[in-house]
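> need a structure here:
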Amino acid sequence: MTHPTTAPVPGRRRLLTAGAAATGLAALGLWPETRLMAQQVADFIEGPPVADVAPRQLSPRVWLIYAEDGFPTPENRGLMASIVFVVTSAGVLVLDSGCSLQIGQMAIRMIRKTTNRPVVAVFNSHYHGDHWLGNHAFADTYGPALPIYALPHTIEQIRGVEGNLWRSLMERWTNQATAGTKVVPPNQAAAHGQILKFGDTTIRLHHYGQAHTPSDLCMEVVEDKVTVVGDIAMTNRIANIDDGSYPGTFKYYRALQAAAGEQLWVPGHGEPSRDLLRTYGSFLAGIWEPCLQAVKDGKPESEAKTMVLRDPRVASRAKTMQGFDSNIGKYTSLAYLEAEKEAF
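This is a model prediction of the structure:
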């Protein structure tokens with residue numbers, strides 16, 4: 001994903017000046033006093049607040065803070081992934097926390113406008129930072145012991161390289177608007193089939209193997225028949241499948257639908273719908289099936305791409321899907337490579 005350079009966001013001069021000061025002190029070699037001072041300066045820096053986004057009620061318990069933009073930019077300050085919260089009799093559950101401290105703080109303001117109940121748990125669908133960097137705000141507000149659930153592999157990735165990588169990428173893509181965000185990993189290991197009760201509300205957790213990533217967690221609000229699917233499906237955008245699998249995604253869809261039945265499917269990117277898995281699955285199949293056929297027929301990747309672009313399931317989305325032109329070549333290549341493994 002690439003993002004053009006744009007005008008600085010408000011407050012960036014302050015961010016750069018403070019950062020340069022801290023770097024300059026360090027460069028002078030005045031240790032250990034200036035090392036502490038530089039760290040304190042760095043810790044103090046924060047990007048600007050994010051404008052409020054009024055939550056939309058999806059069902060009796062479930063609310064959506066909808067992210068309009070599909071990719072992080074200085075203009076949207078990283079608000080690219082939706083946040084869902086569930087108001088239960090025992091408190092509020094947050095299903096994906098957003099991609100920065102500032103976005104998490106905005107979500108807390110919106111929750112408090114909806115209910116006076118505290119947040120009692122957070123769930124992270126996977127390890128891509130637009131879905132969990134907001135953990136920082138919730139841990140700051142409700143304490144470090146606040147339960148934050150994710151699959152073990154997701155926790156491992158966030159604690160490892162992915163955590164700081166995503167924090168740095170978000171700062172770069174948003175021109176430092178997310179500065180001040182800290183990596184706060186999940187602290188509760190979730191499991192497929194786990195059922196959690198929060199007062200009058202039941203959360204059932206689903207994981208059926210590699211789809212968007214190896215550790216995608218879907219969160220079903222049982223009483224309301226609403227399931228948050230993270231990034232295994234998107235309404236009008238090509239999902240990053242660098243860490244994922246095409247046939248794995250189709251397998252995941254079949255298993256999830258068999259287990260949960262009819263649901264309102266809520267993606268991290270795009271509008272919720274009851275036919276999301278069918279419509280997005282059809283688009284992905286329009287990439288996968290021509291690539292698999294091309295491999296079986298001994299055709300090169302270039303011909304596979306031509307076949308993909310001619311497939312009506314893909315062609316019908318070409319003019320309206322976000323990031324189509326910049327991503328279709330890459331994700332066709334990934335499909336072709338996976339098809340080679342599948343076929344042989």
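> ok, residue 323 - contacts?
1, 70-71, 237-238 (Cβ atoms under 8 Å, 6 or more residues apart in numbering). All C-beta atoms are positioned from the backbone trio N, CA, C, and that covers glycine.
> what's the answer for residue 174, then?
Going by Cβ under 8 Å, 6+ apart, the list of residues near residue 174 reads 9, 47, 72-74, 76-78, 100.
> tally up the residues packed near the residue nearest to it when sequence neighbours are not counted, please.
Excluding the flanking residues, the one nearest residue 174 by Cβ to Cβ, 6 or more residues apart in numbering is residue 78, at 4.7 Å. Applying other Cβ atoms under 10 Å, we find 29 other residues in the vicinity of residue 78.
> one more: the one 10 residues further on?
The burial metric for residue 88, expressed as a neighbour count using other Cβ under 10 Å, is 22.
> got a list of what it touches?
61, 117, 120, 198-201.
> then residue 234?
Counting by Cβ under 8 Å, 6+ apart, residue 234 touches 267-270, 280.
> and the gap between the nearest residue to residue 77 once chain neighbours are set aside and residue 299?
The shortest distance from residue 77 to any non-neighbouring residue, by Cβ to Cβ, 6+ apart, is to residue 177 (4.0 Å). Using Cβ to Cβ, to the nearest Å, residue 177 is found at 45 Å from residue 299.
> Throw the contacts of residue 88 into TSV and include secondary structure, thanks.
As requested, the contacts of residue 88 are exported to TSV (DSSP: H, G, I helix; E, B strand; the rest coil):
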residue	secondary structure
61	coil
117	coil
120	strand
198	strand
199	coil
200	coil
201	strand
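> separation between residue 205 and residue 228?
On the measure of Cβ to Cβ, residue 205 and residue 228 end up 11 Å apart.
> name the nearest residue to residue 175, sequence neighbours excluded.
residue 74 (3.9 Å).
> got the phi/psi numbers for residue 332?
The phi and psi values for residue 332, taken as degrees, to the nearest 10, are phi -70, psi -40.
> which residues touch it?
Contacts of residue 332 (Cβ under 8 Å, 6+ apart): 287, 291, 301, 304-305, 308.
> same check, this time on residue 223
Here residue 223 is in contact with 60-61, 200-202 (criterion: Cβ under 8 Å, 6+ apart).
> just the buried members of those residues?
Restricting the contacts of residue 223 to buried positions leaves 61, 201, with burial counted as 16 or more other Cβ atoms under 10 Å.
> show me which of the contacts of residue 223 is closest to residue 173.
Closest to residue 173 out of the contacts of residue 223 is residue 61 (33.1 Å), distances taken as Cβ to Cβ.
> restricting to C-alpha, output stretch 156-170 in CSV.
Output of stretch 156-170 as CSV, limited to C-alpha atoms (Å, rounded to 0.1, in the frame of the first residue of the first chain):
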residue,chain,number,x,y,z
GLU,A,156,2.6,-13.2,19.3
GLN,A,157,2.7,-11.1,16.2
ILE,A,158,1.8,-7.8,18.0
ARG,A,159,4.3,-8.5,20.7
GLY,A,160,6.9,-9.2,18.0
VAL,A,161,7.9,-7.3,14.9
GLU,A,162,4.3,-6.5,13.7
GLY,A,163,3.5,-4.3,16.7
ASN,A,164,6.1,-1.6,16.2
LEU,A,165,6.0,-2.0,12.4
TRP,A,166,2.4,-1.1,12.3
ARG,A,167,2.8,1.8,14.8
SER,A,168,5.5,3.3,12.6
LEU,A,169,3.7,2.7,9.3
MET,A,170,0.6,4.5,10.6
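> what lies in contact with that stretch?
In contact with stretch 156-170 (Cβ under 8 Å, 6+ apart) are residues 72, 78, 99-100, 124, 127-130, 132-133, 150, 178, 181-183, 185-186, 215.
> which residues touch the residue nearest to residue 77?
So residue 177 contacts 9, 47-48, 74, 77-78, 100, 102, 171 (Cβ under 8 Å, 6+ apart).
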